[in-house]
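Asks: After the sequence you'll find the predicted model.
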2 protein chains.
Amino acid sequence: MSKQAGSEDGVRSRRDEILAVAAQLFARKGYRGTSMRDIGEASGVLGGSLYHHIKSKDALFVELHNGALDAAEARIVAAVAAAGDPWDRLEAACVALLDVQLAPDSLTMPMMNDFREVPDDVRAQLVARRDRFEGLFRAIVADLPLPAGIDRSVYRNLLLSQLNAAADWFRPGRLSPREIAVQVARIFRHEG
Amino acid sequence: MSKQAGSEDGVRSRRDEILAVAAQLFARKGYRGTSMRDIGEASGVLGGSLYHHIKSKDALFVELHNGALDAAEARIVAAVAAAGDPWDRLEAACVALLDVQLAPDSLTMPMMNDFREVPDDVRAQLVARRDRFEGLFRAIVADLPLPAGIDRSVYRNLLLSQLNAAADWFRPGRLSPREIAVQVARIFRHEG
DNA sequence: CCTACCGATCGGTAGG
DNA sequence: CCTACCGATCGGTAGG
């Protein structure tokens, strides 16, 4: 469904090149702002030729989105497992996610917020996958010894929305993704 | 430049109707997801007829965006002026902004994040106006007695991005916009 | 992977 | 405010 790596033959690797190119374009210009002809041009072929490798623009976008979430989820799970107490797990998750989101060559997921740009049936698939992803954070937040006055649902939504939005204001050169993640974890740290 | 109200004659008020309709469509479907024909249909005219009232889709969007920021800015300035210490001012600003952003009929600004969907020259105008808006929060954050380990630039970007993103996850029925704003202010409160 | 094309839709305009 | 249309661009396909 969403194999992203692999290089057993030429067909596979050509397809992967196209996926990587498409991901970067989607990330930069959005779903509607990226035409199949754009993706073709950046891949060195005409737009129509892409349909030998993919079924439709919609399917391409969903595959990229879900693959990016798969990768991010794996990294976060690994990072969280290596951490000690609940606050360390929160910081580890933030570091892992921002590391993925803000990597300079990251063909990944700044498209997570494109929900409004996308056809209805595509959006349904994206939302379903994202909900599963957010369950990861639900578990992390549930374990935090938060003060009584803080609503965990709001807390989790704020945390996630700003991790997703970080790519919009992040500029390389000042703080590193890791340093920003540490700041996020620090701001969200409230001993009960 | 951005008069939004007014009803001195029929032309003005017809134009305002169209602006309101367009704002709601842009907010729901995004810049590219809203066609001039959509706006026309929702206003009871054909798409081409809109050009009697507006110059272009780009100019329409910029006018709505800047008008929404003008309105939000005025409310925040008033709310902050009425508050006492720095933490109260932060909470007052959050309450005012979320009240605007999450109002059920709000034809306002959930389009603030559409920057990637928009033509380059439009984006330049949007960014310029938004930067001025963000200066408001720069001043509020500058006055906070934050702990030494917290970076004010990151702090402000996180605060703003999540206030903007709140419309994406907010659902009426549970917490009110005001209650959510109080939660935000609480999470971001860290005595130095 | 290209040539050549389809039907649909877009922002916008002329002329009334 | 409508009719009627423009050139451009879109996702996608047939046929090789």
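Replies: In hand now; what should we look at? From a predicted model like this one, the values you see are computed outputs, not experimental measurements. Numbers count the residues shown, from 1 in each chain, chains lettered A, B, ... in the order given.
Asks: Just the C-alphas of stretch A:69-81, formatted as PDB.
Replies: Written as PDB, here are the backbone C-alpha positions of stretch A:69-81 (Å, rounded to 0.1, in the frame of the first residue of the first chain):
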ATOM      1  CA  LEU A  69       2.800   9.600   8.400                       C
ATOM      2  CA  ASP A  70       4.000   6.000   8.400                       C
ATOM      3  CA  ALA A  71       7.600   7.200   8.500                       C
ATOM      4  CA  ALA A  72       7.000   9.900  11.100                       C
ATOM      5  CA  GLU A  73       5.100   7.500  13.300                       C
ATOM      6  CA  ALA A  74       7.800   4.900  13.200                       C
ATOM      7  CA  ARG A  75      10.400   7.500  14.300                       C
ATOM      8  CA  ILE A  76       8.300   8.800  17.100                       C
ATOM      9  CA  VAL A  77       7.500   5.300  18.400                       C
ATOM     10  CA  ALA A  78      11.200   4.500  18.500                       C
ATOM     11  CA  ALA A  79      12.100   7.800  20.200                       C
ATOM     12  CA  VAL A  80       9.400   7.500  22.800                       C
ATOM     13  CA  ALA A  81      10.300   4.000  23.600                       C
END
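Asks: buried residues in that stretch?
Replies: A:69-73, A:75-76, A:79-80 (16 or more other C-beta atoms under 10 Å in any protein chain shown). For the C-beta atoms, the positions are set from N, CA and C on the backbone; glycine is no exception.
Asks: So which of the residues you listed belong to helices?
Replies: Mapping those onto helices (DSSP state H) picks out A:69-73, A:75-76, A:79-80.
Asks: ok, A:Gly149 - how many residues close by?
Replies: A:Gly149: 11 surrounding residues under other C-beta atoms under 10 Å in any protein chain shown.
Asks: so how far is A:Val184 from it?
Replies: According to C-beta to C-beta, to the nearest Å, A:Gly149 stands 20 Å off from A:Val184.
Asks: count of neighbours near A:Arg132?
Replies: Neighbour count of A:Arg132, defined by other C-beta under 10 Å: 12.
Asks: Secondary structure element holding the spatially closest residue to A:Leu69 that is not a sequence neighbour?
Replies: The shortest distance from A:Leu69 to any non-neighbouring residue, by C-beta to C-beta, 6 or more residues apart in numbering or on different chains, is to A:Phe133 (4.9 Å). According to DSSP states H and E, A:Phe133 maps onto helix A:120-142.
Asks: mean confidence for that helix?
Replies: For helix A:120-142, mean pLDDT rounds to 94.
Asks: right, and the helix or strand after it?
Replies: As assigned by DSSP H and E, the chain's next helix or strand after helix A:120-142 is helix A:152-169.
Asks: List the buried residues for that next one?
Replies: Buried residues in helix A:152-169 (16+ other C-beta under 10 Å): A:154-167, A:169.
Asks: So which of those residues is the closest to A:Glu179?
Replies: Nearest to A:Glu179 among those is A:Ala166, at 11.9 Å by C-beta to C-beta.
Asks: Distance from stretch A:137-157 to the middle of the chain?
Replies: Centroid separation for stretch A:137-157 versus its chain: 21 Å, with C-alpha atoms, centre = their mean, to the nearest Å.
Asks: do the same with stretch A:13-33
Replies: 14 Å.
Asks: near chain B, anything from the helix or strand harbouring A:Ile39?
Replies: Assessed by DSSP H and E, A:Ile39 sits inside helix A:36-43. No. Helix A:36-43 does not reach chain B (C-beta under 8 Å from any C-beta of the partner chain); its nearest approach is 13.8 Å.
Asks: In terms of secondary structure, what does that helix contact?
Replies: helix A:10-29 (3 or more C-beta pairs under 8 Å, 6 or more residues apart in numbering or on different chains; DSSP states H and E).
Asks: Now do the helix it packs on against helix A:36-43, angle only.
Replies: Using axes from the mean of the first three to the mean of the last three C-alpha atoms, to 10 degrees, the direction of helix A:10-29 lies 120 degrees away from that of helix A:36-43.
Asks: List, one by one, the residues from chain A near DNA strand C.
Replies: Within reach of DNA strand C by C-beta under 7 Å from any atom of the strand, chain A has these residues: A:14, A:40, A:43-46, A:48-49, A:52-53.
Asks: Recalculate using a threshold of 6 Å.
Replies: A:14, A:45-46, A:48-49, A:52 (C-beta under 6 Å from any atom of the strand).
Asks: circling back to that earlier point, kindly reformat the ones in helices among the buried residues of stretch A:69-81 as a markdown table and extend each row with distance to B:Phe26.
Replies: Compiled in a markdown table, those are given as follows (distance: C-beta to C-beta, whole Å):
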| residue | distance to B:Phe26 |
| --- | --- |
| A:Leu69 | 28 |
| A:Asp70 | 33 |
| A:Ala71 | 33 |
| A:Ala72 | 30 |
| A:Glu73 | 33 |
| A:Arg75 | 36 |
| A:Ile76 | 34 |
| A:Ala79 | 39 |
| A:Val80 | 39 |
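Asks: hmm, the lowest-mean-pLDDT helix or strand in chain A touching DNA strand D?
Replies: Lowest on mean pLDDT, DSSP states H and E among the helices and strands of chain A sits helix A:10-29, with a mean of 86. No. Helix A:10-29 does not reach DNA strand D (C-beta under 6 Å from any atom of the strand); its nearest approach is 9.7 Å.
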